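Engineer: Next come a sequence and a model predicted from it.
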Number of protein chains: 6
Amino acid sequence: MPYVNIRVTKEGVTAEQKLALIEGVTDLLSRVLNKNPATTFVIIDEVEMDNWGLNGESTTSRRKREAAGAA
Amino acid sequence: MPYVNIRVTKEGVTAEQKLALIEGVTDLLSRVLNKNPATTFVIIDEVEMDNWGLNGESTTSRRKREAAGAA
Amino acid sequence: MPYVNIRVTKEGVTAEQKLALIEGVTDLLSRVLNKNPATTFVIIDEVEMDNWGLNGESTTSRRKREAAGAA
Amino acid sequence: MPYVNIRVTKEGVTAEQKLALIEGVTDLLSRVLNKNPATTFVIIDEVEMDNWGLNGESTTSRRKREAAGAA
Amino acid sequence: MPYVNIRVTKEGVTAEQKLALIEGVTDLLSRVLNKNPATTFVIIDEVEMDNWGLNGESTTSRRKREAAGAA
Amino acid sequence: MPYVNIRVTKEGVTAEQKLALIEGVTDLLSRVLNKNPATTFVIIDEVEMDNWGLNGESTTSRRKREAAGAA
């Protein structure tokens, strides 16, 4: 009967990748805790990059820095 | 002083239905726990069907199966 | 398939009151949005009063003030 | 290693304001609890006004009343 | 940079099982979305059975029924 | 009308520190977004170290490694 909430930045996650997350988490909870898939919820939240901060900066800034650093 | 978060799939919930949820939950907390409506928050999150999994499949797939089964 | 999270301060909520919340919310979602109770989750979080702030003060302080004011 | 989720109504919050929130919360947790900014997450959720209820009404209605009252 | 919140009923989950969930989810996000484990948070919430409702009843009642049905 | 949820590991956070977080966040939202403190909620969740994973390990293990490394 688990509820799982996955939050990631909104950066082009495909329907196939979302399904792989849903299947993977459902399977994990079934294997580790014997939880019933029929009552396992997985909700994926995609968060705008301006709205996600790490280390006191937004992900928008972080990605720009990373891109510049990789150049 | 309660906080209530209602998460449902994004399938055309109207403003009237949202209001009915807000009123219903606020009233319930007032009746059951004597909570003050003036400090009762109700937040509704509408989640894309690809992003909500149950039984290891997305709601998009589930709805397709249900529609096919109903034919 | 809704998920509802109710957060209230931990102030002696009884099992009967919790059940009334669970039943009330499940019924509300069934009536307003035609959601299936068999896949409606309701989770109640009871939060310590020191951990819940409103108006820049903890609920512990707020309750003390209210009790003093009522004397 | 803290996780902070800030939920506000979607009413034109700018990227600069979001950054000020991210910086402010990260700094607060560093000062008060000595938490490492490198593993401090801040996620801002902007919620549609129809989806946020207070005192049994939506924020959409509340803002209309406030605007009328101010006239 | 994902944040994952797993909510399950509090029914004797061991430290080993918690670690298996943490490792499994971290690995899944690395494989599916190429997310960096160094900034992948996994938080497990164990919820009292009286506080978790499904189908309009608490898990406490549900487990009693299941135990009776199994006799 | 903001809702802020701060999640930290349960490692002896004092009532004074909790109050400092509540005051600091409420003040920040008032300054940056002109939000009314009277309807600003701040909820602090303290999470057991076994239940918080980062980099595929629990905080319990992480703290042991850090303590050993510091010796």
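Structural biologist: Arrived safely. Numbering: from 1, shown residues only, chains lettered A, B, ... in the order given.
Engineer: Please make it C-alpha for all contacts and neighbour counts, starting now.
Structural biologist: OK.
Engineer: now for the host helix or strand of A:Leu28, which elements pack on it?
Structural biologist: If you go by DSSP states H and E, A:Leu28 is part of helix A:15-33. In terms of contacts (3 or more C-alpha pairs under 8 Å, 6 or more residues apart in numbering or on different chains; DSSP states H and E), helix A:15-33 is packed against strand A:41-47, strand B:52-54, strand B:57-58, helix E:15-33.
Engineer: ok, residues contacting that helix?
Structural biologist: A:2, A:4, A:35-37, A:40, A:42, A:44, B:50-51, B:53-58, E:13, E:17, E:20-21, E:24-25, E:28-29, E:32-33 (C-alpha atoms under 8 Å, 6 or more residues apart in numbering or on different chains).
Engineer: Select only the buried ones of the residues you listed in PyMOL?
Structural biologist: In PyMOL, this line selects whichever of the contacts of helix A:15-33 come out buried by 16 or more other C-alpha atoms under 10 Å in any protein chain shown:
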select buried, (chain A and resi 2+4+35+37+40+42+44) or (chain B and resi 50+51+53+54+55+56+57+58) or (chain E and resi 20+21+24+25+28+29+32+33)
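Engineer: so where's chain A shaky on pLDDT?
Structural biologist: Within chain A, the stretches with pLDDT under 70 are A:71.
Engineer: near chain B, which residues of it?
Structural biologist: A:15, A:18-19, A:22-23, A:26-27, A:37-45 (C-alpha under 8 Å from any C-alpha of the partner chain).
Engineer: Looking at these, spot the one nearest chain F.
Structural biologist: A:Asp45 (16.4 Å; C-alpha to the nearest C-alpha).
Engineer: what does chain A have sitting close to chain F?
Structural biologist: Checking chain A against chain F by C-alpha under 8 Å from any C-alpha, there are no hits.
Engineer: which bits of chain A sit near chain C?
Structural biologist: Residues of chain A lying near chain C (C-alpha under 8 Å from any C-alpha): A:Thr39.
Engineer: Over to stretch A:44-64 now: how far is its first residue from its last?
Structural biologist: Distance between the boundary residues of stretch A:44-64 (C-alpha to C-alpha, to the nearest Å) amounts to 25 Å.
Engineer: Check whether it comes near chain D.
Structural biologist: Yes - using C-alpha under 8 Å from any C-alpha, stretch A:44-64 reaches chain D at A:Val47, A:Asp50, A:Asn51, A:Trp52, A:Gly53, A:Leu54, A:Asn55, A:Gly56, A:Glu57, A:Ser58.
Engineer: A:Gly56 is in contact with the second one, correct?
Structural biologist: No - because the distance of 11.9 Å does not satisfy C-alpha atoms under 8 Å, A:Asp50 is recorded as not touching A:Gly56.
Engineer: Please tabulate the helices and strands packed on helix A:15-33 in a markdown table, including the columns distance to C:Arg65.
Structural biologist: Shown next, in a markdown table, are these (distance: least, C-alpha to C-alpha, whole Å):
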| stretch | distance to C:Arg65 |
| --- | --- |
| strand A:41-47 | 40 |
| strand B:52-54 | 44 |
| strand B:57-58 | 49 |
| helix E:15-33 | 41 |
